[in-house]
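Asks: pasting the structure only:
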């Protein structure tokens, strides 16, 4: 029964987590797994001077399981939304994907709300996706 629940609520991807981990000194994998405080610390300390980054290579499977249990699955894919934010965030494409048309247009016209919105979305994107999936 637990494998059925895990399969139904597989919100995050371990391979994508490791892909973000490659850039782990920026905290990307920690933001992806819903850990914005430690993601910010990693960003400013280069992954705790590389030590935390190396340790995280072993922690990613547990961070993935925790994220799968914490966030609601649904029609909006977490990996797709994170890829859209990471690569096209200044254009607001991730917001359009989530059905947030007004803020998507604001992001498009202001370059991610002058990059401050970009930071906000790195902190809150998992919750935004979970909320959209509950609707």
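Replies: Yep, that arrived. Worth saying up front: this structure is predicted, and the values here are computed from it rather than measured.

Asks: surely residue 47 and residue 30 touch.
Replies: No: using Cβ atoms under 8 Å, residue 47 is not in contact with residue 30; the gap is 9.2 Å. For every residue, glycine as well, the C-beta is placed using N, CA and C.

Asks: mutual contacts of these two, please.
Replies: Both residue 47 and residue 30 are contacted by 24, 56, under the criterion Cβ atoms under 8 Å, 6 or more residues apart in numbering.

Asks: skipping adjacent residues, who's closest to residue 52 in space?
Replies: Distances taken as Cβ to Cβ, 6 or more residues apart in numbering place residue 42 nearest to residue 52, at 6.3 Å, with adjacent residues excluded.

Asks: my bad, residue 85
Replies: Spatial nearest neighbour of residue 85, excluding adjacent residues (Cβ to Cβ, 6+ apart): residue 94 at 4.2 Å.
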